[in-house]
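Undergrad: only the shape, not the letters, is given here:
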């Protein structure tokens, strides 16, 4: 099997500092209002026993990307050699079908109307800025095999979903 | 293609840019004379390569279109927002003439020198002020001077030195140093270190300790991230931390689980303290604080029975009623458990290499300026005569006294203000309207800042553009290591606070200034540490001190704390004073006690009926430093609105849904906030973010960037200062009510 890159996200460690979001925006000069990555918060329990957890989310580079399946112009593709889901913005017609199809609200649309999202910083040719900048070591990048090795000893699971997200989560 | 840089400058961050309070190491990537990227320096021991979003956003901050790049003079009326670009020479000439005239007619003391939070400003601003001859150094409107000074004063009185949680920050190898051991328990008291940027303390250090085995007890009215990871969370009523500390002392003393050897050998006044804490049995404290009695007892036992353990505390301690007393009681908790200057305890923190960045205490002030001058200046210093602790501990003005003096002109009038790094009206001041009205009457006001803000817009006659830390040379000895800030680039005509104040001091000084350049001044201060700027810069901007008084541990046993070289603590008795001789000398109760907030369900039931919710303010945002950064797009986007947190039960009773706009109201005013309905706050408590103004809206009066609509301090007031002058505010605990606006729409 060829390799699949993904993220390993340790929810126990994320402190919602938002560094990954800012690193992503600055690295790709993303316009205000468009987010390739976002951190969301969940609460469990009620007063006086409340637990907070945060999740840093971006494109999951799924096994079976729903966005690519519905794209009428063939702008979205999954690369065979590393599993990265890429969008060719020149081919995109801005119909936003991909947004409707994506279970995770990943596709973003800025002023030019074409779809944009995380490309694992492929274009700048380095480790994704979000994972590289994470001060809590909560967000990590690598092949799924490497990531599973990194998570050894933790209660981890590959994120569940019909599209097969390439994300491993520890709680 | 990856961006390629011309050079990478390694430096220590301090002040404007990210707003750094901490002292992180950074790598500044420069191309064509511009900063293109900032990353954490993995060789720097403070942050070990990590950086926060504000650090990453520095290029957007530096090159923001609204940044003021040239000196300005006001051409319309104050508050009209009409400015004209002028040269530095014209700005300096105008200021020199005005301030010399005022000094001649009214005395140098009629000019106040105003700063914001204590970053890289204490040095430059006091340098200028003492050169000019004024004693009046102040954080205008900071009620009760509630920012670290009360805690520092309490530690100075109790143990003669300051201490902080030991996260191996004083050791070059950090966590790998065999001398260090992690605290078994950390009490994280009224601070959210993973979100804020605190004075010399890096939030991730707590997590680093947790990863090495430390367990957590969190004392906080909110469920912070750390609270939700803690073994015990004491979710107390805001304002009652003093009672909690007394209750914990009660348990530890009565159960005899304190460190008997340490108490016997190294403390003074234990029996008196023991008697005093009998007034605070756990069931009484539970009623006051809303923390179940069992939790108070368990937290006390876990802390006392597991040595080493340490306490990391935050600004709310200062803001409590009788803040310096609350700090004293908390200091006693680590003292009677013997957690002073031990590995993994509350380690003593001293200026690195013995270098003075700025005259921090009265003692340092005297060493820099001589006893005679300090004595003379103290005669006129505002609040010094009323408050002996203020006179004898630190060279500040008492802000609650200052506002009255500005209004009445008694005992002498205030005529001018030099405001540098401080957004008084839009940030720091309690009751900002009162401060605006008082300051409008001043004859002359200079603002030194990077962006226009509500204060500069309303008040400045001259605006001087300041530099970020990437554009300046400076130095830092607060605490270890000794660091320098290395200049990477310049932006237009902006100058550093040190440059501006040295140049201004040369024009205004009554005695000639001996330094030609900022570099000469820095090297003069660094010579106490047998080093200089160039050497430190070449080492990557930092160096740990050699063996001696700046290095841990157990310095009280080794005779490294007192001037006379004898073992013991630098206090009158040479011991940790649980019954404080210095407090007694300053006319204060030598023992700690608890005082209720000025406005609370207990002290003002009539107000409570009308305003049934407890308002606490000042929770930190990871993307802003106090009132800064609201104009930085990549940061503002993540925290776009002034947020008030409301418990779901309370929100349901008030028919308020998440995301709806509400009024927060009390007897002093009304502001507009967006509701976040969340179980992280107590049902009876609402928590409002501070420092909000909207730089994208009209800056001139009356709007002043929306500060009257969104600054929570419009609901706070002055005049509740502690008996010591340090502490006593309603920033952290007052009463309010909340109503939905216009069906929740803006």
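TA: Received it, and whenever you're ready, just let me know what you need. Only a predicted model underlies this, so the values are computations on that prediction, with no experimental measurement involved. Numbering: from 1, shown residues only, chains lettered A, B, ... in the order given.
Undergrad: so where do the strands sit in the stretch 51-200 of chain B?
TA: B:72-74, B:83-85, B:111-115, B:137-138, B:162-165, B:185-189 (DSSP state E, counting those that start in this stretch).
Undergrad: taking strand B:185-189 as reference, get the angle to whichever helix or strand residue B:243 is part of.
TA: Assignment of secondary structure by DSSP states H and E places residue B:243 within helix B:241-254. Helix B:241-254 and strand B:185-189 meet at an angle of 150 degrees, taking axes from the mean of the first three to the mean of the last three CA atoms, to 10 degrees as the criterion.
Undergrad: OK, contacts around residue B:730?
TA: B:143, B:430, B:597-599, B:716-717, B:720 (CB atoms under 8 Å, 6 or more residues apart in numbering or on different chains). (Glycine included, C-beta is placed from N, CA and C.)
Undergrad: before we move on, back to that, anything in the helix holding residue B:243 near chain A?
TA: No: using CB under 8 Å from any CB of the partner chain, we find that helix B:241-254 stays clear of chain A, coming within 15.6 Å at best.
Undergrad: report the distance from the next helix or strand after that helix to the chain centre.
TA: Once helix B:241-254 ends, the next helix or strand along the chain (criterion: DSSP H and E) is helix B:260-266. In terms of CA atoms, centre = their mean, to the nearest Å, the centre of helix B:260-266 is found 33 Å from the chain centre.
Undergrad: and stretch B:557-569, by the same measure?
TA: 29 Å.
Undergrad: which bits of the stretch 51-200 of chain B sit near chain A?
TA: B:51-53, B:56-57, B:59-60, B:194-195.
Undergrad: so which of those wins on neighbours?
TA: residue B:52 (30 neighbours; other CB atoms under 10 Å in any protein chain shown).
Undergrad: just the buried residues of stretch B:96-111, please?
TA: Residues B:98-99, B:102-103, B:106, B:108-111 are the ones in stretch B:96-111 that count as buried (16 or more other CB atoms under 10 Å in any protein chain shown).
Undergrad: I meant to write stretch B:164-173 there.
TA: In stretch B:164-173, counting by 16+ other CB under 10 Å, buried: B:164-171.
Undergrad: longest helix anywhere in chain A?
TA: Secondary structure assigned by DSSP state H gives helix A:19-28 as the longest helix of chain A.
Undergrad: outside of the helix or strand bottoming out on mean pLDDT in chain A itself, list whatever touches it.
TA: Across the helices and strands of chain A, the lowest-confidence element by mean pLDDT, DSSP states H and E is strand A:156-158, at a mean of 87. The list of residues contacting strand A:156-158 from outside it, by CB under 8 Å, 6+ apart, reads A:8, A:144, A:148, A:165, A:167-170.
Undergrad: poorly predicted segments of the stretch 251-400 of chain B, please.
TA: B:360 (pLDDT under 70).
Undergrad: can you do 90?
TA: For the stretch 251-400 of chain B, the stretches flagged by pLDDT under 90 are B:356-378, B:392-395.
Undergrad: closest point of it to chain A, which residue?
TA: residue B:292 (8.5 Å; CB to the nearest CB).
Undergrad: shouldn't that residue be in contact with residue B:286?
TA: Yes: Residue B:292 lies in contact with residue B:286 (CB atoms under 8 Å); the separation is 6.0 Å.
Undergrad: these two: who's more crowded?
TA: Just comparing residue B:292 and residue B:286: by other CB under 10 Å the higher neighbour count belongs to residue B:286, 20 against 14.
Undergrad: was I right about that one contacting residue B:280?
TA: No: using CB under 8 Å, residue B:286 is not in contact with residue B:280; the gap is 10.5 Å.
Undergrad: which neighbours do these two have in common?
TA: residue B:247.
Undergrad: elements contacting the lengthiest strand in chain B?
TA: For chain B, the strand with the greatest residue count under DSSP state E is strand B:669-677. Other helices and strands packing on strand B:669-677, by 3 or more CB pairs under 8 Å, 6 or more residues apart in numbering or on different chains; DSSP states H and E, are strand B:643-646, helix B:648-653, strand B:661-666, strand B:685-689, helix B:707-710.
Undergrad: if we can go back for a sec, buried ones in the helix holding residue B:243?
TA: B:241-253.
Undergrad: just checking, what packs against that helix?
TA: helix B:270-277, helix B:282-289, helix B:293-305, helix B:323-336.
Undergrad: could you dump these into TSV with distance to residue B:569 added?
TA: Below are those laid out as TSV (distance: least, CB to CB, whole Å):
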stretch	distance to residue B:569
helix B:270-277	14
helix B:282-289	29
helix B:293-305	21
helix B:323-336	10
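Undergrad: just name the most buried of those helices.
TA: Burial of the helices and strands packed on helix B:241-254 is given as mean neighbour count (mean count of other CB atoms under 10 Å in any protein chain shown); helix B:323-336 ranks first at a mean of 29.
Undergrad: and residue A:119, which of the helices and strands packed on strand B:669-677 is closest to it?
TA: Proximity to residue A:119, assessed across the helices and strands packed on strand B:669-677 by CB to CB, is greatest for strand B:643-646 (32.4 Å).
Undergrad: please enumerate the strands of the stretch 351-500 of chain B.
TA: When assigned using DSSP E, counting those that start in this stretch, the strands of the stretch 351-500 of chain B occupy the ranges B:416-420, B:444-449, B:462-465, B:474-476, B:482-485.
Undergrad: packing partners of the fourth one?
TA: Secondary structure elements in contact with strand B:474-476, counted by 3+ CB pairs under 8 Å, 6+ apart, are strand B:482-485, helix B:518-526.
Undergrad: just the buried members of the contacts of strand A:156-158?
TA: A:8, A:144, A:165, A:167-170.
Undergrad: packing partners for the least confident helix or strand in chain B by mean pLDDT?
TA: Ranking every helix and strand in chain B by mean pLDDT, DSSP H and E puts helix B:362-369 at the bottom, with a mean of 77. Counting contacts by 3+ CB pairs under 8 Å, 6+ apart, helix B:362-369 is packed against helix B:371-380, helix B:388-393.
Undergrad: now mean neighbour count too, for those helices, in a markdown table please.
TA: Converted to a markdown table, those look like this (neighbours: other CB atoms under 10 Å in any protein chain shown):
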| stretch | mean neighbour count |
| --- | --- |
| helix B:371-380 | 14 |
| helix B:388-393 | 22 |
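Undergrad: so can I have a markdown table of those showing distance to residue B:699?
TA: Formatted as a markdown table, the helices and strands packed on helix B:362-369 follow (distance: least, CB to CB, whole Å):
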| stretch | distance to residue B:699 |
| --- | --- |
| helix B:371-380 | 35 |
| helix B:388-393 | 35 |
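Undergrad: just put those helices in a markdown table and tack on distance to chain A.
TA: Shown next, in a markdown table, are these (distance: least, CB to the nearest CB, whole Å):
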| stretch | distance to chain A |
| --- | --- |
| helix B:371-380 | 43 |
| helix B:388-393 | 35 |
